[in-house]
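K.L.:
next come a sequence and a model predicted from it.
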Amino acid sequence: MDATLAMPPLLEIDEATVSRDGHPALDRLSLRIAAGQHTAILGANGSGKSTLVQLVARQLYPLAPGDGRSPVRVFGRNRWNVAELRGLLGIVSPALQHEYTTDTPLEVFDAVVSGFFAARGLWLDHPVTDAMRQRAIAALAQLEAGHLAGRAMASLSTGEARRVLIARALVHRPRALLLDEPCAGLDLASRRRFLEVLRALARGGTTLLLVTHHIEEIVPEIRQVLLLKQGRVLRQGDKVATLTDAALGEAFDMPIRVTRHGDWYHAAVA
């Protein structure tokens with residue numbers, strides 16, 4: 001029996017509403033993602049993708065339902081210490097990258113090992129053990145980023161910084177990674193190299209939740225796709241059945257033609 005079948009779902013949301021500027025960014029959103037189920041979350045700009053990431057990351061909270069229950073459960077729990085949650089669900093986003101590559105200078109290895117303390121860099125009250133150092137070195141090596149140690153985060157390319165931040169998330173050996181537009185700002189070659197890194201992580205047992213509006217970024221290991229539109233789930237299911245002309249046309253409000261090259265998908269305006 002697959003061990004993941006006995007585990008609580010990675011993510012359950014039951015009619016969650018998040019309002020921004022008086023308008024629902026998420027409108028009674030309901031979804032379920034099973035443990036170990038690599039999933040792509042796809043939608044046009046304004047569909048609610050970034051709000052969903054912030055909701056899962058505990059950076060914002062839904063409107064309280066009338067019955068007092070919490071509509072969001074991660075790994076079966078609706079209450080989390082944020083630092084504890086980060087140990088199970090690593091999150092990498094453009095906003096996080098901006099935080100780590102601007103303001104006070106920060107060295108790459110310090111950025112990674114400070115993940116143990118949920119801090120930006122190391123401080124006097126952060127005792128770094130040999131075990132922590134070894135896991136930070138191993139995480140950088142896993143992302144093929146060990147050669148970046150010693151450099152300032154602000155000096156890295158977009159792709160290099162993205163790898164370092166994933167390494168930072170991996171020091172906890174999380175069950176899953178939530179990646180918000182991870183290929184934003186990457187050129188074609190850098191994007192493909194980065195996607196191969198994600199494929200290796202998926203094959204190694206780390207569950208991927210990939211948030212994007214480019215179906216070209218959905219790696220073959222991802223078998224489930226969730227389409228968002230206007231803060232709600234438009235469709236959710238098997239990749240083959242969901243990445244269709246009709247479904248994507250409805251999601252993006254224009255005619256879309258989907259083509260497939262092996263295990264990779266591409267889309268263009270028809």
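P.N.:
Yes, it's here.
K.L.:
which residues of the stretch 1-150 of the chain fall in strands?
P.N.:
11-20, 23-33, 39-42, 72-74, 89-92 (DSSP state E, counting those that start in this stretch).
K.L.:
neighbours of C183, just the number please.
P.N.:
Neighbour count of C183, defined by other C-beta atoms under 10 Å: 22. (Glycine included, C-beta is placed from N, CA and C.)
K.L.:
in contact with the closest residue to it other than its chain neighbours, which residues?
P.N.:
Leaving out its chain neighbours, the residue that sits closest to C183 by C-beta to C-beta, 6 or more residues apart in numbering is R191, at 4.7 Å. With contact set as C-beta atoms under 8 Å, 6 or more residues apart in numbering, R191 has these partners: 159, 183, 217.
K.L.:
quickly find the element holding the first one.
P.N.:
Applying DSSP states H and E as the criterion places G159 in helix 158-170.
K.L.:
figure out how far that helix is from the centre of its chain.
P.N.:
Here helix 158-170 is found 12 Å from its chain centre; the criterion is C-alpha atoms, centre = their mean, to the nearest Å.
K.L.:
counting contacts, what elements does the helix or strand following that helix pack onto?
P.N.:
Following helix 158-170 in sequence order, the next helix or strand is strand 176-180 (DSSP H and E). Judged by 3 or more C-beta pairs under 8 Å, 6 or more residues apart in numbering; DSSP states H and E, the packing partners of strand 176-180 are helix 49-56, strand 89-92, helix 158-170, strand 207-212.
K.L.:
any chance of the ones you listed in JSON lines, plus mean neighbour count, distance to R260 and mean pLDDT?
P.N.:
Listed next are the helices and strands packed on strand 176-180 as JSON lines, based on neighbours: other C-beta atoms under 10 Å; distance: least, C-beta to C-beta, whole Å; pLDDT from 0 to 100:
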{"stretch": "helix 49-56", "mean neighbour count": "22", "distance to R260": "23", "mean pLDDT": "91"}
{"stretch": "strand 89-92", "mean neighbour count": "23", "distance to R260": "27", "mean pLDDT": "89"}
{"stretch": "helix 158-170", "mean neighbour count": "24", "distance to R260": "26", "mean pLDDT": "91"}
{"stretch": "strand 207-212", "mean neighbour count": "23", "distance to R260": "17", "mean pLDDT": "96"}
